[in-house]
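Novice: got a predicted structure here, sequence first:
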Amino acid sequence: MNEMELLRELAQETPLPAPAELDAARARLAAAIATDPDPDAAAAAEVAPHQLFPSAGQPVGPLLPPAPAPVLTAGTFMRGGAITSAAYLIAALPFIDDVKGSVLGHRLTAGPLTITLVILAGLAVVALWLWMARATSQGQGWARTLCCVLFGLATLELVGTHGLALAAAVLTWLSGLAAVWLLWRPASRAFFKSAKEARSIAARSEVSRSEQTR
Amino acid sequence: MRRGRGSAADDDAAVIESSRREPERFAVLFDRHAPHIYRYLARRADRQVADDLVAETFLAAFAKRDRYDLGHADARPWLYGIATNLVNQHRRDEVRQYRIRQAVPAEPEEPGHAERVAADVTAQAMRTLLTEALTALPASDRDVLLLIAWEQLTYQEVARALAIPVGTVQSRLHRARTKVRQILAGTDAGATYEELTTNE
């Protein structure tokens, strides 16, 4: 066995990719094809990537690349965070009369307004989790940034929390940690990058179409 | 990875030519070659880097398709050339990939405990030496060596891919092989290599 054969043996360790592993690259090429400046390419602008790539495993939707596994898993963690927050809200309802504390120096008492505000805040947290899960799966970069900011705030929330609230805070914090980590994996970064490119291309096409119709 | 195609009408040059009028035809070239280009990039960098570089390769090829020499029916050397240029811009990822290979043992395949352990030790020693040797090569020599050893391109195809004369391909390959051989044979673990080469 000579060095060339040894090298070939080393190369055997890397298999061919599964079709889904090429989805992000396929979508980026499809976006480039769709906006090719060639005058004959006008019709191609209306062609969706999955029509360009009939051999692809799954349709990828108009110009947007499909979300890779880490982003989808991050979405699952965020929905898990929503469920935990909702469960905590339900579990805390019987004790809501005990709500005491202070916000921005104002003393809180368990009046109807306070109770309403606490419930609304709890529902807003649940809605926020679900909204971020949806937005990140669509490749919205700002949603990923917002997720990181809220994770930072959730870390602060851990301090000075006790009992059931602490358990819920730890669970949601762990969901947030997993989601943030997954959203910054290389495959996720490539997805957000290509989604941004696809959006800017679509925006440019929209502008040129509206200029043509004028 | 040699492919025999039925007719000239669907060879790569014909696809590229038609993609100048109908850009969506370029997708055929992607479906045909992207898995192999991806694997080449994953071998040299890693899978995450390959995700990005395979897209960059085909975007660059698409942008440059008007300059493709239609006299060449097979576009693989052209694509490998673009991919090689891109991977050379990610040297640190490439070196890191070789180091990971040194650190991570391959999956054992041989049955039987004693044989398996011996085979694993030998394989691991060889992997370490090989990856060390690849890291030590100049990039231009490594490009030639890997395109021939891993992607099984011919001298002429490598010459096209890297835009160098065939004679340069031969001299770079000779230099790279000599250096790899020296590194493999010049260490204690290189005894394994000596055994392997003498048992041929």
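Specialist: On my side now, so go ahead. Numbers count the residues shown, from 1 in each chain, chains lettered A, B, ... in the order given.

Novice: in the helix or strand that contains residue A:174, what counts as buried?
Specialist: Secondary structure from DSSP states H and E places residue A:174 in helix A:163-183. Across helix A:163-183, burial judged by 16 or more other CB atoms under 10 Å in any protein chain shown covers A:168, A:169, A:171, A:172, A:173, A:175, A:176, A:178, A:179, A:180, A:182, A:183. For the C-beta atoms, the positions are set from N, CA and C on the backbone; glycine is no exception.

Novice: how far is it from where the chain is centred?
Specialist: Here the centre of helix A:163-183 is set off from its chain's centre by 16 Å, with CA atoms, centre = their mean, to the nearest Å.

Novice: pop the domain breakdown of chain B in here.
Specialist: B:1-104, B:110-200 (automatic domain parsing).

Novice: in terms of mean pLDDT, which of those domains ranks lowest?
Specialist: When these are ranked by mean pLDDT, domain B:110-200 comes last with a mean of 79.

Novice: and the next helix or strand past the lowest-mean-pLDDT helix or strand in chain A?
Specialist: For chain A, using mean pLDDT, DSSP states H and E, the weakest element among its helices and strands is helix A:49-52, scoring a mean of 46. Next helix or strand after helix A:49-52 toward the C-terminus (DSSP H and E): helix A:69-92.

Novice: buried ones in that next one?
Specialist: Those would be A:70-71, A:73-75, A:77-86, A:88-89, A:92, for helix A:69-92 by 16+ other CB under 10 Å.

Novice: likewise stretch A:29-38?
Specialist: A:29, A:30, A:31, A:32, A:33, A:34, A:35, A:36.

Novice: is chain B within reach of that stretch?
Specialist: Yes - counting by CB under 8 Å from any CB of the partner chain, chain B has neighbours in stretch A:29-38: A:29, A:30, A:32, A:33, A:36, A:38.

Novice: and the pLDDT at the fourth one?
Specialist: The confidence metric pLDDT takes the value 85 at residue A:33.

Novice: do I have it right that it meets residue B:23?
Specialist: Yes - using CB atoms under 8 Å, residue A:33 is in contact with residue B:23, at 4.7 Å.

Novice: quick one: residues contacting residue 165.
Specialist: Since no chain was named, I'll use chain A. With contact taken as CB atoms under 8 Å, 6 or more residues apart in numbering or on different chains, residue A:165 is in contact with A:88, A:92.

Novice: think we crossed wires, I meant chain B
Specialist: Taking CB under 8 Å, 6+ apart, one finds residue B:159 in contact with residue B:165.

Novice: try 10 Å
Specialist: B:155, B:159, B:171 (CB atoms under 10 Å, 6 or more residues apart in numbering or on different chains).

Novice: could you do residue A:191 as well?
Specialist: Residue A:191 touches A:23-24, A:27, A:64-68, A:70-71, A:136-137, A:139, A:183, A:185, B:51, counting by CB under 10 Å, 6+ apart.

Novice: closest one to residue B:17 out of those residues, please.
Specialist: Distance to residue B:17 across the contacts of residue A:191 (CB to CB) is lowest for residue A:27, with 24.8 Å.
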